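[1] Sequence first, then the predicted structure:
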There are 2 protein chains.
Amino acid sequence: MGSAINTLIQNAQIITMDEKNPILKGDIGIKGNVIEFVGKSNSFTPDRVKNVNGNIVMPGLINAHTHSPMTLLRCYADDLSLRDWLFDKIFPAEETLTEQDVYWGSMLGCWEMIASGTTAFADMYFSNSGTARAVMESGQRANICRALQCFDDCADFEKDSRMRQALDLYSEFNNAAQGKIIIDMSAHAVYTNTKKYLKFIAQTVEKLNCGVHLHISETRGENVDCVKKYKMTPTELFESCGFFNTRTIAAHSVYLTDDDISIYKNKKIHIASNPTSNLKLASGIAPIGKYLNEGINVALGTDGAASNNNLNMFEEIHLAALLQKGVNENPTEVSAFEALKMGTVNGANALGIKNCGILRRGWCADLIIIDTDKPHLTPYYNAMSAIVYSAQAADVDSVMVAGEFLMENRELKTIDTERVKFETKKIADRFASFI
Amino acid sequence: MGSAINTLIQNAQIITMDEKNPILKGDIGIKGNVIEFVGKSNSFTPDRVKNVNGNIVMPGLINAHTHSPMTLLRCYADDLSLRDWLFDKIFPAEETLTEQDVYWGSMLGCWEMIASGTTAFADMYFSNSGTARAVMESGQRANICRALQCFDDCADFEKDSRMRQALDLYSEFNNAAQGKIIIDMSAHAVYTNTKKYLKFIAQTVEKLNCGVHLHISETRGENVDCVKKYKMTPTELFESCGFFNTRTIAAHSVYLTDDDISIYKNKKIHIASNPTSNLKLASGIAPIGKYLNEGINVALGTDGAASNNNLNMFEEIHLAALLQKGVNENPTEVSAFEALKMGTVNGANALGIKNCGILRRGWCADLIIIDTDKPHLTPYYNAMSAIVYSAQAADVDSVMVAGEFLMENRELKTIDTERVKFETKKIADRFASFI
């Protein structure tokens, strides 16, 4: 999709995220699905004009690591360790999910993400054609991957249903929705796969020349077990199996050794850090200040709603700015601008979306409008601080992707929210009976 | 004030915060300003009935440490250390504030707090008659204190204008608004007072037999300097000066020694922890899990909007539940229930509000209604987890204090919000000219 209409957004406080001119007052002209100008123009002829009366306009937020259908398992099991939560609660519940359940779970996720200002997301799950169908309808951008898990070295990898699902997903949806959908390959983690299968996945990636989305070093225990079994860290194991030669999203990356960091730098691996989920599952706090100083591209994700328990990128940006300051007792670490970069343009780079995440001529017309007529945004002296430290997701008034409004004046344009509530309630009732 | 009307709230998912029966479905009957029943009753005759259609009803949130007029300095100076921020930016700006400015700043704070579900707050500032006037109008409960600071041992303490302000505040407003306002005394901190003056304040407290609100051990540096100067920690210094013999709110308490913890336990000192502000100003992370295990009453506060940068107690409750898990790599530390206790009944105890913070017969009719018809609250399997991990402040639909709705269906009942915006904008324009 994408819009064929020219839109003029007038009278905005613009957070461009452009290093040279990060905040300015003015207008934004949108021609079809790209930005024509930011600031002022006398020659732009719009089909429609939207006066935002001094509200903040900024790039849409990008969620670089989530599992959108897990909205169905929101507040299903809390206050447990990653292993207990995953193997005893989540995996058994997920066993029962159909492709249609995944569709409705992702649709709920798309609704929640649009309502909270997220214009693009990286989604790792299974039965992902359901997710792809939801995204085609919602109008967002997404990078979707089938999380591959295999413990059986005797299996015929070529014919394995999970790998078939991954390959079918790629052939059917990569570059779909006028390029708004990207399909990556995925190995779930080192602890859910054999080395032999990891190598097979890496070979498939080489053949397709596609991006990769992995969980790496989420917990201290994952590293300990991996080193014990393979005499390598998860990063080293993935590299030894042939990964990292294409664009890679490494979710979590809480515990990286200095050697791991060197590999991340050399291979230009993108980190998708998940501050809330890492705290909630007691995994720890990723040293993202250090990673940023090393020049690694760090993006932010919510992880799934079962371990967060929402898909609210405002909270992740907020935490990214706060945590490093507190933990390292250094108030200058991760400024508001750096935190917002992580939630916007760094995410676009991680997902492989070109020219996205900065409001700049020729770049994607993916933006959000923030209603500043709120007590908690009254007064504010700096728009970027206001977004990072004061705002909440409900302040998002309108959301545009590729020149098209997916939400306007808080009204969803592409999603039948009553239907989503009805269908997801039926699925949730089924899960509730297991508890 | 307080209501003379009997209200029946029907069809609620009730988070009572009562240990024996924390979550139940049913109705709540309110007779005047107290709760008549929670659950079911056949004999209650209401004057009005409010069917909340399955929405969550829970005790109002209690902000145990803030400086409400600092809403005027929201996003005024960020990413600086506590000392630079306080002495170079905040104190000079505050020098110019009049009592009427304080009134408007507090009124903005009351608006923000009501809109985000806070029914009572502890406020430390100066020119507090402005704050007291705002609170009388807003209808909330508040514990207000004049922060005393004095470096001049030659001053006539009795006649000092700051002490006069504190005493006048006490005589004019303690127990005002039908007991909804409580006045405490306050020494700002050990680093803003001489020992002689601290003793004088403690003597005044003894005479009045009133509560006390202090900043204690907010930063590592505060402890180091205090030990260097007095050979005592801030807690030991306050105790040696005669404090802690009445109800005491000790804000921050990030760095307590084991001896300090013993004093807190013996003297039943209430901690008002401020997770966001401590992270943002790089003070650190208070070990509240440890304090709770020691049996200390730990409440939560936002601190001022200049170091947060909002008065959103949902964020503090969220962080209280998340931080200890992540830092101590223990997912069972600070459960959702414990975090909510900190944000409700523990706060009431700290502020000295009797029978408040639990929905229970005979207790204060201070409650909030949460609109769960939101994508990020769809579905949810556990109401307490939903509030702590998924909700945001904007989900608060209605707020009742002492049986009276201060906000209903998100409409403010007691505050002229347009006037507040107009007046605070004028003050903010003055501050903006200093930057």
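    The structure has been received and is ready for your questions.

[2] contacting residues for the residue nearest to residue A:257 when sequence neighbours are not counted?
    Nearest non-adjacent residue to residue A:257, counting by C-beta to C-beta, 6 or more residues apart in numbering or on different chains: residue A:233, 5.8 Å away. C-beta coordinates here come from the backbone N, C-alpha and C atoms, glycine included. Residue A:233 sits next to A:217, A:223, A:226, A:227, A:256, A:257, A:259, A:260 when contact means C-beta atoms under 8 Å, 6 or more residues apart in numbering or on different chains.

[3] Distance of residue A:233 relative to chain B?
    For residue A:233, the distance to chain B (C-beta to the nearest C-beta, to the nearest Å) stands at 18 Å.

[4] same deal with residue A:261?
    The value you get for residue A:261 to chain B, if C-beta to the nearest C-beta is used, is 21 Å.

[5] pLDDT at that residue, what is it?
    Note for residue A:261: predicted pLDDT of 98.

[6] just the one 4 residues further on next, same as before
    Residue A:265 carries a pLDDT value of 98.

[7] who's in contact with it?
    If you count contacts by C-beta under 8 Å, 6+ apart, residue A:265 has them with A:294, A:295, A:296.

[8] so can I have CSV of those showing secondary structure and neighbour count?
    Listed next are these as CSV, based on DSSP: H, G, I helix; E, B strand; the rest coil; neighbours: other C-beta atoms under 10 Å in any protein chain shown:
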residue, secondary structure, neighbour count
A:294, coil, 15
A:295, coil, 9
A:296, coil, 20
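
[9] Go through those residues and name the one nearest residue B:153.
    residue A:294 (51.6 Å; C-beta to C-beta).

[10] Thought residue A:260 was touching that closest one, still the case?
    No: in this structure residue A:294 lies outside contact range of residue A:260 using C-beta atoms under 8 Å: 10.9 Å.

[11] tell me the domain ranges of chain A?
    Domain assignment for chain A, taken from automatic domain parsing, gives A:6-60+A:358-412, A:61-351.

[12] quick one, which of these is packed in tightest?
    Greatest average neighbour count among the domains of chain A goes to domain A:61-351 (a mean of 22), per mean count of other C-beta atoms under 10 Å in any protein chain shown.

[13] First-to-last residue distance for it?
    One end of domain A:61-351 to the other measures 12 Å (C-alpha to C-alpha, to the nearest Å).

[14] how about the contacts of residue A:233 in JSON lines, adding secondary structure and distance to residue B:49?
    Formatted as JSON lines, these follow (DSSP: H, G, I helix; E, B strand; the rest coil; distance: C-beta to C-beta, whole Å):
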{"residue": "A:217", "secondary structure": "coil", "distance to residue B:49": "56"}
{"residue": "A:223", "secondary structure": "helix", "distance to residue B:49": "58"}
{"residue": "A:226", "secondary structure": "helix", "distance to residue B:49": "60"}
{"residue": "A:227", "secondary structure": "helix", "distance to residue B:49": "64"}
{"residue": "A:256", "secondary structure": "coil", "distance to residue B:49": "58"}
{"residue": "A:257", "secondary structure": "coil", "distance to residue B:49": "63"}
{"residue": "A:259", "secondary structure": "helix", "distance to residue B:49": "67"}
{"residue": "A:260", "secondary structure": "helix", "distance to residue B:49": "62"}
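
[15] name the element the residue nearest to residue A:122 when sequence neighbours are not counted belongs to?
    Nearest in space to residue A:122, with sequence neighbours left out and distances taken as C-beta to C-beta, 6+ apart, is residue A:143 at 4.3 Å. Element membership for residue A:143, per DSSP states H and E: strand A:141-148.

[16] so what's residue A:153 up against?
    Contacts of residue A:153 (C-beta under 8 Å, 6+ apart): A:194, A:196, A:197.

[17] ok so, going back, quick one, phi psi at the residue nearest to residue A:257?
    Main-chain torsions, residue A:233, degrees, to the nearest 10: phi -70, psi 160.

[18] what's the answer for residue A:355, then?
    According to degrees, to the nearest 10, residue A:355 has phi 50, psi 60.

[19] Kindly report the same for the one 10 residues further on.
    Backbone torsions of residue A:365, given as degrees, to the nearest 10, read phi -80, psi 70.

[20] And residue A:33, by the same measure?
    phi -110, psi 10.

[21] For it, give its distance to chain B.
    For residue A:33, the distance to chain B - C-beta to the nearest C-beta - is 25 Å.

[22] so what's the residue nearest to residue A:255 when sequence neighbours are not counted up against?
    Nearest residue to residue A:255, sequence neighbours excluded (C-beta to C-beta, 6+ apart): residue A:217, at 4.5 Å. Taking C-beta under 8 Å, 6+ apart as the criterion, residue A:217 is in contact with A:223, A:233, A:234, A:235, A:252, A:253, A:254, A:255, A:256, A:260.

[23] Off-centre distance for stretch A:38-49?
    31 Å (C-alpha atoms, centre = their mean, to the nearest Å).

[24] Also stretch A:5-24?
    That offset, for stretch A:5-24, works out to 23 Å (C-alpha atoms, centre = their mean).

[25] Would that stretch count as contacting chain B?
    No: figure legend: stretch A:5-24 not in contact with chain B (C-beta under 8 Å from any C-beta of the partner chain); closest approach 12.2 Å.

[26] and that stretch, what's its mean pLDDT?
    Per-residue scores along stretch A:5-24 average to 96.

[27] got it, and stretch A:357-369?
    Per-residue scores along stretch A:357-369 average to 98.

[28] That stretch close to chain B?
    No: taking C-beta under 8 Å from any C-beta as the criterion, stretch A:357-369 and chain B are apart, separated by no less than 15.7 Å.

[29] Then stretch A:312-321?
    Yes: Stretch A:312-321 is in contact with chain B by C-beta under 8 Å from any C-beta, via A:312, A:315, A:318, A:321.

[30] The domains of chain A: which one's closest to residue B:282?
    Judged by C-beta to C-beta, the one of these that comes nearest to residue B:282 is domain A:61-351, at 3.8 Å.

[31] chain center to that closest one, what's the gap?
    Centroid displacement of domain A:61-351 relative to its chain, using C-alpha atoms, centre = their mean, is 8 Å.

[32] swap in stretch A:336-355?
    Worked out by C-alpha atoms, centre = their mean, stretch A:336-355 lies 10 Å from the chain centre.

[33] contacting residues for the residue of the stretch 151-300 of chain A found nearest chain B?
    Proximity of the stretch 151-300 of chain A to chain B (C-beta to the nearest C-beta) peaks at residue A:279, 3.3 Å away. Residue A:279 makes contact with A:285, A:319, B:322, B:323, B:325, B:326, according to C-beta under 8 Å, 6+ apart.

[34] So of those residues, which two are at opposite extremes in space?
    Among the contacts of residue A:279, A:319 and B:325 lie farthest apart (C-beta to C-beta), at 13.2 Å.

[35] Against which helices or strands is the helix or strand that the strand holding residue A:143 is followed by packed?
    Next helix or strand after strand A:141-148 toward the C-terminus (DSSP H and E): helix A:161-173. The contact analysis (3 or more C-beta pairs under 8 Å, 6 or more residues apart in numbering or on different chains; DSSP states H and E) places helix A:161-173 against helix A:129-138, strand A:141-148, strand A:181-187, helix A:195-208.

[36] got the contact list for helix A:161-173?
    Helix A:161-173 is contacted from outside by A:126-129, A:132, A:144-146, A:148-150, A:157, A:181, A:183, A:185-186, A:200-201, A:204, A:208, A:210, using C-beta under 8 Å, 6+ apart.

[37] same check, this time on stretch A:34-41
    Contacts for stretch A:34-41 (C-beta under 8 Å, 6+ apart): A:6, A:14, A:16, A:18, A:24, A:26-30, A:44, A:355, A:359-365, A:403.

[38] Kind regards, and thank you for your time.
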